[in-house]
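In: Just the structure for this:
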Amino acid sequence: MKNATTPIAVRSPCVKVCQMDPVTQLCLGCCRTQEERDWWVAYSDAQQREVLQRCDQRREVLTSGKGEFAPSMGIVESRRKGAQPGS
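Out: Down below sits the predicted model:
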C-alpha cells in the first residue's frame, strides 16, 4: 500500500487587520499588496508560498528600514475551471 498524504492547504497570512498603508501600499496586517489580497484564492499553492516569502521580506524591510519591497505577485488566471480573469 502506498503512503498517501493529504496535501495541506497554504494558510492565508491574514490577521484580520485589513487596512492598506497609504505610503507603502501594503496591508498593515499581513504585508500583502492589494492584488495579492484580491487574488489569494486564485493563486496556486506554490504562488501562495511565494507571496508568504515576499511578505516576510517586506516585514524585514519595514523592520530594518533598509532595502526595497519585493514586487507584487500581481494578477493570475483563476484555477477555477471556466473562470474568467477578474471573476
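In: Quick one: mean pLDDT for the helix or strand containing Arg58?
Out: Applying DSSP states H and E as the criterion places Arg58 in helix 45-64. Helix 45-64 carries an average pLDDT of 96.
In: and that helix, C-alpha only, in PDB?
Out: Output in PDB follows, covering the C-alpha atoms of helix 45-64 (Å, rounded to 0.1, in the frame of the first residue of the first chain):
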ATOM      1  CA  ASP A  45      -0.100  26.600  -3.600                       C
ATOM      2  CA  ALA A  46       3.300  27.400  -5.000                       C
ATOM      3  CA  GLN A  47       2.300  31.000  -5.700                       C
ATOM      4  CA  GLN A  48       0.800  31.400  -2.300                       C
ATOM      5  CA  ARG A  49       4.000  30.200  -0.700                       C
ATOM      6  CA  GLU A  50       5.900  32.800  -2.900                       C
ATOM      7  CA  VAL A  51       3.500  35.500  -1.600                       C
ATOM      8  CA  LEU A  52       4.300  34.400   2.000                       C
ATOM      9  CA  GLN A  53       8.100  34.700   1.300                       C
ATOM     10  CA  ARG A  54       7.500  38.200  -0.200                       C
ATOM     11  CA  CYS A  55       5.500  39.200   2.900                       C
ATOM     12  CA  ASP A  56       8.400  38.000   5.100                       C
ATOM     13  CA  GLN A  57      10.900  40.000   3.000                       C
ATOM     14  CA  ARG A  58       8.700  43.100   3.200                       C
ATOM     15  CA  ARG A  59       8.400  42.800   7.000                       C
ATOM     16  CA  GLU A  60      12.200  42.700   7.200                       C
ATOM     17  CA  VAL A  61      12.500  45.800   5.100                       C
ATOM     18  CA  LEU A  62       9.900  47.600   7.300                       C
ATOM     19  CA  THR A  63      11.800  46.500  10.500                       C
ATOM     20  CA  SER A  64      15.300  47.300   9.300                       C
END
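In: center of this protein - which residue?
Out: Val51 (3.7 Å; C-alpha atoms, centre = their mean).
In: OK, contacts around that residue?
Out: 13, 32, 36, 40, 43, 73 (C-beta atoms under 8 Å, 6 or more residues apart in numbering). Quick note: C-beta positions are derived from backbone N, CA and C, even for glycine.
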